[in-house]
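Trainee: generate a structure from the sequence data that follows.
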Amino acid sequence: MAISVRNIRPSGLTTIILALFLLQATAAFAENLSLNQCANGGISDPVDHLSCHDGWINGNLNASKAAYAEGDYVPYRAQMTGLTPGQQYTYSFSWDALKSDKHALDYIGTYNYSILSADACDGAAGPCPGTMTTIAIPPDPTLGGIEFPVLREFTLFGGTLDSVGPFMSPSPDVRAISVTFTPDQSNAVLAWGGHISSPMDWGNGATASDIKGSPYHMSNLSLNITATGQPVASGGQDVQLSAAAVFVPSLINVTKLSNRDGTFTFESDIDGQILIPIGDTDSSWTLERDQSKTIDAMDEGVVSITETELPEGDWRIKSITCSQLGVGEVFSYVYPDDTPTASAVLNVAEAGTFECIFENEFFGAPVLQVIKKVIAADAECTADVRDSAFFESISIRSGETVKYCIWVTNTGADDAWDVIVFDDFSGLEPETEVPMTGVELGGDGNNPLVLDIPIGGWLSGELEIAINVVLNTTLLNTATATGIGATDRQTYTDSDNAEVKVEIASDCDLTASVYAGTGNCADNGAPTAYIIKDSGTAANWCADVYWEVDAVLDLQDILVTIDGTTFSNTGTDMSSGDRQYIGVGPTYPNADVAETLVLTGSEGGFNDITCSGAAAVNVIDPGLQLIKRVSTDNVCGNGDDAALVEIINGDDVWYCLTVANTGDVELVDVRIDDETIGLTDYDAGDLAVSGPGTISTHKFGPFQPTQDVTNVAQATATEPLTGTELGPEIGSATVIVLSADLDVNKSVDPAHIVFCELSDWKDFCTEQNAGGNYDTTYTLSVHNNGPSPATGVIVEDDLPFGFIYDSNDSGCLYDALAHSLSCAPGDIEPAGTVYIEVYGEIDPRLFDLPWQKVTNQACAYPDPIRLDPDTSNNCDSASTHISTGPTRTIGWWSTHPNGLEACLAESAGEIDLGYVTIRDEAYDNDVDATVSTNTAAKGKHKSSLLTPKLLKDLDDKATTAEVMAKGMLNARNASWRDGTKRSHIGQARTQTARQLTAAWCNEVTFGSEFDFYYLGWDNIRQVMAGEAYLQGGALKTCDGPCYNHLNQVVQSIKLIGGVADLFNNAGDDLDNGLPAEPANPKAPQDDPTDPTD
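Mentor: A predicted model of the protein is given here:
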């Protein structure tokens, strides 16, 4: 298309800009600007001209350095150095759009659009590419209707492109534009392309090829700081491309004609060098039917265009004709039949225009092949079915649906058009069109589909038909396909058939059953039913009918009868795989009977059907018996078994339970229950009809009844044929138990002895006999609570240590070695009592310590011992407490401030415990907080010293002895009140100090002696202070604290505490002489060994 460019005169603004451009040319700046163009190799150079083979130059390009065609984009770049990163710049340049009224560089575009391998960074100064950005080139309003097939862009290396424009006209033949950018480094490269005008845009005679000299000019204008407009690099540089470096190619238009669609392959060259059409990239290129492509010949020479490959099928080259614009036909050839390839040869020079037409012809024809198969309706029409030698025939049942599979294949050399397939369905329906799978070209659903089959292609279709005919019928039907040759328009046809044989019979299955009484056929029917004799139970007959799952038609007109009787019933129609129960009757047999049930019916109204089955009824008479006996010798059935036995308490008995089958059928699940012996739902097994298995005896035991008992057992069983429950059958047996209950009671006089030496005699001391001991009497009673006499009673009395035996009043024998008595009072009748007294004396001096509890125990047993089943009351004991006077425990002292007040009054106001003395404080912390320190604690508390330490406590006042005594009695053994753990010796001291405080008060307040009988208070205090210890009962003293015997000291302290505890508890039941006063646990207290209390 040829267009013209309007002449544009400079406006006032343009004149100002041009003046600025001229001013900029005279200035000198730190930034530098250089304009280069791509030298892609001379026209005669053996290179591909797709890269800057001779580099980027800032001079002129001639034919020795460049080779461009009209329509190419010449790559240009502007190199800018000395830039300030982040400073925004505006660069302007211009180009010659017209020269001598002909188009030169008519517009600008992307720099590497034509010269694909042009590298804008090649040889550029500084780091390149750096950051790369692009921006679109806006439309030039002076270009009119030129259409650009691709996006045109500026490309910047080393920064960011911000904006483009506007276009300007510094003079009528010149166009200019500005580009604004921001560099991110000190140098940047801006690249673009200058388009060489072409007749394709402007028509013949209007482009630069018609200009002599160097019509292609590109020039720098300026580089400014955008914000101020200040010029920083001068313009004025101009680069030129001579007309000799621009070649006007010859254009060869190649067109393909053929009688059908196809893809045709070509190759082309000029003097042996490959030529490819515009837009193609491969040396082997193609044309479709009625398609044209243009070859651009850049040089003079001989061009050869060869059709190298035809579409698959029966093709040939018909003719080739070439003509040159302004000359006429320059090549023509008509080829003989079946020629596969051919070439056109042309002599071309610059600016020639040629038209070559390659005509091809297809001469093949289609061949239709029909394959028809028949398969089951649920099968698939697969390729395996199509290619198989089978599936030509199928055997089916009446009413069954079959599937016809039909394939139509084009095995010829041309497409088959308008293919239609029909099937005659011989013996069933009129001829019917078959829906086929393929490309639908026509048809509305009611008319046959019109389909095409390409060469080697195929269509497939399937039909499902229900074959509703009687058994033993054969059907044969044919499928026919008709189509038209795509090229020759001739009609082609083929057909195939398949056979269906209706020869498989369907069967029904009848299972006869019967049930007795109530129920239903599905849940209760069985091949044989059992009825109890003379019960009047009904027999209900059942036909369990099953219609074959493979049957197609329904089973209809069903009637079931008891053969040879008038009993009958009808059933409902059944589909394949259906099952139904049809009941007939009932009848009431009282003797065994067998019956046959017969079904008649029709298979869908086509074929008669019959089937039958038999069932029976047996009449039975069951019976069950239970016998229960007691055995005393662990043997059932030896003659001593009885329904009533008498035993002594503790004797063993066994229960014998016998069950027997007295009927004419087997009994199962025989169960026995006997609550008395804990028998619940006991499984006695099954009982046979005859032989040894009709009776079953079961033994249970041994048991030892403790009282008279009559127990009742019951037996049940199941008659398995009818499920009838028999029983319960009852059996019972009685056991009479002889037993006695001996009750022993023992007492002692005196119950308490206060032991005092003559040198320490007090009013509360118990009077001694002439030998210095204490007369003692033990009284024993043995009572029989019954209900039976206690025979052969024996009494055993183990006399305690400390008691000196003298005599008894009942003839009991004394064993001096065992220090025991044995008495034989004989039989004791129910409610009878025997009394025995034992005389002697107690000598407290026999004990290491006088604080003791002397206990005597006696026991009585009958002969045999088992005659007394309850031995919990057969023994009793009596105790004499020995003390040295009244005492009270630490629990009493810690809750009775009046007692502590009396104690301190008798102690001159203080209690000396060896390592701490409880007394009134003269000042705060005078006594309080005397501690043994904790070895596990930190800092000042970390010590293993035996010597007590005086620490500050938490109170801020002097504490009374009474308050500290109560605090000592209630002290925590293991730790201080704040949780700080006491040392090992501290724990032992605290525990023993509590007992010693009570012991001191018991002694000074009540007069009960402690130290008189044990160590002495001075020795006790020495051990508590850690300056002595006990070894083998003897006191060992140290020269100062016993550091080397810490463990012995601790153990000795604990031993003293145990003795003090024994003393404090010995006289706790004696009157202490103080007036009664209620406990007062809330009275003030302060542990003197706990600084946190």
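Trainee: name the SS class of residue 330, please.
Mentor: With DSSP: H, G, I helix; E, B strand; the rest coil as the basis, the three-state label of residue 330 is strand.
Trainee: wait, it sits on residue 355?
Mentor: No: taking contacts as CB atoms under 8 Å, residue 330 lies outside contact range of residue 355: 9.8 Å. Where you see a C-beta, it was placed from the backbone N, CA and C, and this is true even at glycine.
Trainee: which neighbours do the two have in common?
Mentor: Taking CB atoms under 8 Å, 6 or more residues apart in numbering as the contact rule, residue 330 and residue 355 both touch 322, 323, 324.
Trainee: show me these that map onto strands.
Mentor: Among these, the ones falling in strands (DSSP state E) are 322, 323, 324.
Trainee: out of these, which comes closest to residue 703?
Mentor: residue 322 (130.7 Å; CB to CB).
Trainee: how many other residues sit next to the closest one?
Mentor: Other residues within reach of residue 322 by the criterion other CB atoms under 10 Å amount to 22.
Trainee: go on, the one 3 residues further on?
Mentor: Other residues within reach of residue 325 by the criterion other CB under 10 Å amount to 12.
Trainee: would you turn the ones in strands among the shared contacts of residue 330 and residue 355 into a markdown table with pLDDT and distance to residue 854?
Mentor: Shown next, in a markdown table, are those (pLDDT from 0 to 100; distance: CB to CB, whole Å):
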| residue | pLDDT | distance to residue 854 |
| --- | --- | --- |
| 322 | 93 | 151 |
| 323 | 93 | 154 |
| 324 | 89 | 154 |
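Trainee: dump the residues you listed to a markdown table, plus distance to residue 181.
Mentor: Below are these laid out as a markdown table (distance: CB to CB, whole Å):
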| residue | distance to residue 181 |
| --- | --- |
| 322 | 52 |
| 323 | 53 |
| 324 | 50 |
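Trainee: for the nearest residue to residue 553 once chain neighbours are set aside, give me its contacts.
Mentor: Spatial nearest neighbour of residue 553, excluding adjacent residues (CB to CB, 6 or more residues apart in numbering): residue 604 at 2.8 Å. Applying CB under 8 Å, 6+ apart, we find residue 604 in contact with 398, 399, 468, 552, 553, 554, 556.
Trainee: repeat the analysis, applying 10 Å as the threshold.
Mentor: Residues near residue 604 by CB atoms under 10 Å, 6 or more residues apart in numbering: 397-399, 468, 470, 506, 551-556, 573.
Trainee: show me the residues you listed that map onto strands.
Mentor: Counted as lying in strands by DSSP E, out of these, are 555, 556.
Trainee: just the buried members of the contacts of residue 604?
Mentor: If you count burial by 16 or more other CB atoms under 10 Å, the buried members of the contacts of residue 604 come out as 397, 398, 399, 468, 506, 551, 552, 553, 554, 555, 556.
Trainee: closest to residue 537 among these?
Mentor: Within the buried ones among the contacts of residue 604, the smallest distance to residue 537 is 32.8 Å, found for residue 555 (CB to CB).
Trainee: partners of that closest one in the sheet?
Mentor: Per DSSP bridges, the residues bridged to residue 555 are residue 574, residue 603.
Trainee: please apply the same query to residue 836.
Mentor: residue 780.
Trainee: thought it was touching residue 793?
Mentor: No: if you go by CB atoms under 10 Å, residue 836 and residue 793 don't touch, sitting 11.2 Å apart.
Trainee: which residues do those two both contact?
Mentor: Joint contacts of residue 836 and residue 793 (CB under 10 Å, 6+ apart) are 782, 823, 825, 860.
Trainee: which pair in the contacts of residue 604 spans the largest distance?
Mentor: 470 and 573 (18.7 Å).
Trainee: where does the stretch 851-1000 of the chain have low pLDDT?
Mentor: 929, 931-951 (pLDDT under 70).
Trainee: could you pull out the strands in it for me?
Mentor: With strands called from DSSP state E, counting those that start in this stretch, the stretch 851-1000 of the chain shows them at 852-861, 875-883, 910-912, 917-919, 930-931, 949-950.
Trainee: could I get these as CSV with mean neighbour count and distance to residue 260?
Mentor: Shown next, in CSV, are those (neighbours: other CB atoms under 10 Å; distance: least, CB to CB, whole Å):
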stretch, mean neighbour count, distance to residue 260
strand 852-861, 21, 130
strand 875-883, 20, 128
strand 910-912, 18, 135
strand 917-919, 22, 133
strand 930-931, 25, 122
strand 949-950, 14, 124
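Trainee: secondary structure class for residue 386?
Mentor: At residue 386 the chain is in helix, as set by three-state DSSP.
Trainee: what's the domain layout of the chain?
Mentor: The chain breaks down into these domains under automatic domain parsing: 12-247, 250-362, 368-502, 508-620, 624-735, 742-883, 890-1066.
Trainee: worst mean pLDDT among these?
Mentor: Lowest mean pLDDT within those: domain 368-502, a mean of 79.
Trainee: can you show me the helices along the stretch 751-900 of the chain?
Mentor: Applying DSSP state H, counting those that start in this stretch to the stretch 751-900 of the chain gives helices spanning 890-893, 897-905.
Trainee: and of these, who's closest to residue 147?
Mentor: Nearest to residue 147, of all these, is helix 890-893, at 118.1 Å by CB to CB.
Trainee: I'd like to know which elements the closest one is packed against.
Mentor: Contacts defined by 3 or more CB pairs under 10 Å, 6 or more residues apart in numbering; DSSP states H and E place helix 890-893 against helix 897-905, helix 961-969, helix 984-1006, helix 1046-1066.
Trainee: relative to residue 476, which of those is closest?
Mentor: Residue 476 lies closest to helix 984-1006 among the helices and strands packed on helix 890-893, at 116.4 Å (CB to CB).
Trainee: where do the helices sit along the protein?
Mentor: 12-24, 199-202, 383-387, 521-524, 890-893, 897-905, 961-969, 984-1006, 1017-1024, 1046-1066 (DSSP state H).
Trainee: which parts of the third one count as buried, going by neighbours?
Mentor: Neighbour counts using 16+ other CB under 10 Å place 385, 386 of helix 383-387 among the buried residues.
Trainee: who's in contact with it?
Mentor: Applying CB under 10 Å, 6+ apart, the contact partners of helix 383-387 are 371-375, 379, 391, 403, 405-407, 409, 458, 460.
Trainee: ok, and the closest non-adjacent residue to residue 201?
Mentor: residue 146 (5.6 Å).
Trainee: who's in contact with the one you found?
Mentor: Residue 146 makes contact with 1, 3, 106, 107, 139, 140, 195, 200, 201, 202 under the criterion CB under 10 Å, 6+ apart.
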